[in-house]
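I need the structure of the sequence given here:
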Amino acid sequence: MSDGLFERIRAASKAVTDRAQFVRIDHDRIGSYAASLPADRLVRPTLDPKTHFLGHGEATAIFVLVLDTINFGSGYFPHLAKRPGQSGYFTIASGLKNRFEERGPFTAVELSRFSRTECARMLSQDLTNLPIVELVELLTSAMRQLGWFLINNYGASFADMLGGAAGSAETLVRTLERMIFFRDVENYAGMEVPFYKRAQLMAADLALACDGEGYGRFDDLDHLTIFADNLVPHVLRVDKVLAYDESLVRRIEAGELIPSGSREEIEIRASALHAAELVRAALEQKGVRARSIDLDYLLWNRGQQPEYKAILRHRTKTVFY
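Below you'll find the model as predicted:
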């Protein structure tokens with residue numbers, strides 16, 4: 001069933017860190033950092049019912065599928081009109097939840113015909129704000145692509161697509177990567193570096209939303225990596241597990257966008273992924289069982305705290321996170 005996709009992701013990220021010029025892992029910090037993490041937080045998390053459409057059977061699975069299809073755009077979030085007290089991600093999740101509550105789940109045909117006006121209305125965004133117009137157009141395109149993918153390959157059936165994973169997160173990732181917005185693979189000095197951040201997150205979120213049953217049953221969740229984005233690397237940098245080259249720090253602090261697919265951006269994501277694997281191994285040496293995805297949730301939620309938000313993280317305009 002498996003061709004070792006997740007191990008190839010890990011191996012590629014390690015290879016990047018071995019050659020990295022702009023980011024390094026402080027290996028001397030790994031053991032003490034692992035020991036400092038609260039073991040009671042390394043447990044299966046839950047999704048917030050205030051911002052996610054939960055408890056509705058197949059409709060909940062469809063919600064997760066659509067949400068993770070448009071779960072990107074952090075490089076645009078400084079321009080996003082956010083809901084009070086909510087981050088960019090939770091603003092998008094809340095808008096989608098409200099739409100499901102008001103009109104029920106999307107059909108594949110509705111997705112294939114979705115307009116940027118509808119998208120802006122759903123997320124309460126102003127289409128006179130040019131950076132947001134660009135993001136809304138990307139989100140709209142992602143939803144349309146999902147609709148046509150369902151129509152062309154699964155007779156417009158969400159059930160057939162989601163059920164086709166048959167308990168394998170890797171199979172789900174392989175399915176999703178057929179859509180360009182999920183094809184999260186970069187080229188680093190001639191080497192292919194896959195991340196599949198959102199495709200992996202889809203499996204993890206389905207498992208949470210569906211309580212590990214039905215469309216949320218996956219037998220290989222333990223094999224998933226962290227979800228390499230711009231927040232987990234930021235947390236690891238603030239916590240001094242990752243160190244950035246001074247020139248890169250200056251660019252980030254100046255608010256300069258780090259180009260998608262650039263050497264710096266790939267090194268940031270790959271180094272965070274590999275560092276998390278080292279931390280996980282250190283935890284297990286101390287008898288603390290931790291999956292990579294549990295560690296990701298802990299670090300991602302840590303990044304919501306004010307002391308982390310007070311420091312600028314890297315921003316990249318990309319459809320992969």
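
which ones are touching Leu37?
Val279, Leu283, Leu295, Leu298 (Cβ atoms under 8 Å, 6 or more residues apart in numbering). Yep, even glycine has a C-beta here, placed from its N, CA and C like the rest.

nearest to Thr225 among these?
Set against Thr225, the nearest of the contacts of Leu37 by Cβ to Cβ is Leu295 (9.9 Å).

how many other residues sit next to the closest one?
Using other Cβ atoms under 10 Å, Leu295 is surrounded by 22 other residues.

how close does it sit to Arg8?
20 Å (Cβ to Cβ, to the nearest Å).

how about Ala108?
31 Å.

centre of the chain versus the helix ranked longest in the chain, how much separation?
In the chain, with assignment by DSSP state H, the single longest helix is helix 130-154. Centroid displacement of helix 130-154 relative to its chain, using Cα atoms, centre = their mean, to the nearest Å, is 17 Å.

picking up where we left off before, of Ala108 and Arg8, which one has the most company?
Ala108 (21 against 13).

wait, the more buried one sits on Asn152?
No: under the criterion of Cβ atoms under 8 Å, Ala108 makes no contact with Asn152, lying 9.6 Å away.

what's the neighbour count on Leu208?
Leu208 has 19 neighbours, counted by other Cβ under 10 Å.

what's near enough to touch Val133?
Contacts of Val133 (Cβ under 8 Å, 6+ apart): Arg116, Leu127.

before we move on, what SS does Arg187 have?
One correction, residue 187 is Asn, not Arg. At Asn187 the chain is in strand, as set by DSSP: H, G, I helix; E, B strand; the rest coil.

OK, contacts around it?
Applying Cβ under 8 Å, 6+ apart to Asn187 gives the contacts Val193, Gly261.

what do you get for Leu273?
Leu273 makes contacts with Ile9, Arg10, Ser13, Phe195, Thr225, Ile226, Ala228, as judged by Cβ under 8 Å, 6+ apart.

pLDDT wise, what is the closest residue to it other than its chain neighbours at?
Spatially, and ignoring its direct neighbours in sequence, Leu273 is nearest to Ser13 (4.2 Å; Cβ to Cβ, 6 or more residues apart in numbering). pLDDT recorded at Ser13 is 98.

wait, what's in contact with Ser13?
Per Cβ under 8 Å, 6+ apart, neighbours of Ser13: Val193, Phe195, Thr225, Ala228, Arg269, Ala270, Ser271, Leu273, His274, Glu277.

restricted to helices, list the residues you listed.
Using DSSP H, the subset of these located in helices is Arg269, Ala270, Ser271, Leu273, His274, Glu277.

wouldn't the last one be in contact with Ser292 here?
Yes: contact status for Glu277 versus Ser292: in contact at 6.8 Å, counting by Cβ under 8 Å.

just to revisit the earlier point, which of the contacts of Leu37 count as buried?
Buried members of these, counted by 16 or more other Cβ atoms under 10 Å: Val279, Leu283, Leu295, Leu298.

element containing the first one?
Val279 is located in helix 263-285, with elements delineated by DSSP states H and E.

which SSE is immediately downstream of that helix?
With elements assigned by DSSP H and E, the helix or strand that comes after helix 263-285 is helix 292-302.

can you list contacts of that next one?
Applying Cβ under 8 Å, 6+ apart, the contact partners of helix 292-302 are 37-38, 41-45, 200, 204, 221, 224-227, 231-232, 235-236, 276-277, 279-280, 283, 308.

please indicate which of the residues you listed are buried?
For those, a burial check counting by 16+ other Cβ under 10 Å picks out 37, 42, 45, 200, 204, 221, 224-227, 231-232, 235-236, 276-277, 279-280, 283, 308.

now do the contacts for Glu177.
Counting by Cβ under 8 Å, 6+ apart, Glu177 has contacts Arg183, Asp184, Val185, Tyr196, Ala199.

check those and tell me the two furthest apart.
Of all pairs drawn from those, the greatest distance, 10.7 Å, lies between Val185 and Ala199 (Cβ to Cβ).

so for the two, which residue has more residues nearby?
Counted by other Cβ under 10 Å, Val185 and Ala199 do not tie: Ala199 has more neighbours, with 27 against 14.
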